[in-house]
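# Let's see this in three dimensions:
(chains A, B, C and D)
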There are 2 protein chains.
Amino acid sequence: MEPEKRNQMAAEVLSNPRNQHEEIQALQDTLYVLGGKWKLPIINSICNGNKRFRDIERSIPGITTRMLSKELKEMTANQLIKRTVIDDTPVAIEYTSTEYCRSFGDIILEMIKWGKQHRQKLKTGD
Amino acid sequence: MEPEKRNQMAAEVLSNPRNQHEEIQALQDTLYVLGGKWKLPIINSICNGNKRFRDIERSIPGITTRMLSKELKEMTANQLIKRTVIDDTPVAIEYTSTEYCRSFGDIILEMIKWGKQHRQKLKTGD
DNA sequence: CAGCATCCCAGGGGATACTG
DNA sequence: CAGTATCCCCTGGGATGCTG
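Got it, this is the predicted structure:
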């Protein structure tokens, strides 16, 4: 397809209020699931291989045990992560990512990309 | 480069605490800029061509004039959007996106994509 | 139309201390 | 280590009504 025609189609898609509404709805759904300051950093940390409570905590600047505890509980309930009790002595707890959790990978990647570019811009002088 | 070597490198990058820290920092920076329920939907709406206050308001389910007003003001101050007064009679106001604003495009796209897949999954039965 | 002013509140989130 | 428990605060955000 010629680029011109493609642009025309894109314009039609965007100008269709039905589609716009669907997209904004999808966006708000995602925002709802990821609401709050901590879910994405936690997902990122666990996907990066951090399994232990302390490790996750240390890997996220600013988070408190309280918030981490609350979020981990909620995210476990929502099947975002898996909590495993390892019956060693002493008992160890491990948090691991689920497929559902990893489905946020692209979003996180884009946000990291944006954040890095942002820093770069600040350094090079606005 | 062979895929194997690439994976090895990716593993090294991830296992390097220095990089992990940088990434989580970038992620948190982005989260900070986009904090709250409304900034992304507003950016999306304006990038979709909505210019007038009422149009933007109508395009975002659930938003109140108060929040829209507050966010628009803040986002204008932060150069995220441009506010133009058109000296017609009656006077009209137009909000338009800036380059900075459009730099969130990929993030929004990914979130819309996720939201749509999510809905799809719910429909087909978890 | 494009907002501002008020009132009000839940709950997100911080600090700190404590437990098995 | 892996959390709970309290206390407390702030502010994001809703509802409603009013103005130029």
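
# is any part of stretch A:63-79 close to DNA strand D?
Yes. Using Cβ under 7 Å from any atom of the strand, stretch A:63-79 reaches DNA strand D at A:65, A:66, A:69, A:72, A:73. No exception for glycine: its C-beta is placed from N, CA and C like everyone else's.

# Pull out the buried residues from that stretch.
Going by neighbour count (16 or more other Cβ atoms under 10 Å in any protein chain shown), the buried part of stretch A:63-79 is A:63, A:67, A:68, A:71, A:72, A:75.

# hmm, back to that, please flag which of the residues of stretch A:63-79 next to DNA strand D sit within helices.
Among the residues of stretch A:63-79 next to DNA strand D, the ones falling in helices (DSSP state H) are A:65, A:66, A:69, A:72, A:73.

# burial count for the nearest residue to the fourth one once chain neighbours are set aside?
Using Cβ to Cβ, 6 or more residues apart in numbering or on different chains and skipping the chain neighbours, the partner closest in space to residue A:72 is residue A:95 (6.4 Å). When counting by other Cβ atoms under 10 Å in any protein chain shown, one arrives at 21 neighbours for residue A:95.

# quick one, what contacts residue A:95?
Residues near residue A:95 by Cβ atoms under 8 Å, 6 or more residues apart in numbering or on different chains: A:46, A:50, A:51, A:52, A:53, A:56, A:72, A:76, A:81, A:82, A:83, A:84.

# Now with 10 Å, please.
By Cβ atoms under 10 Å, 6 or more residues apart in numbering or on different chains, residue A:95 lies in contact with A:42, A:45-46, A:50-53, A:55-56, A:72, A:75-76, A:81-84, A:101.

# Okay, and it sits in which element?
strand A:92-97 (DSSP states H and E).

# What parts of chain A come near DNA strand D?
A:52-55, A:65-66, A:69, A:72-73, A:83, A:92-93, A:95.

# Contacts only, for the spatially most central residue of chain A.
Against the mean C-alpha coordinate of chain A, by Cα atoms, centre = their mean, the closest residue is residue A:40 at 3.5 Å. By Cβ under 10 Å, 6+ apart, the contact set of residue A:40 is A:34, A:104, A:107, A:108, A:111, A:112, B:24, B:27, B:28, B:30, B:31.
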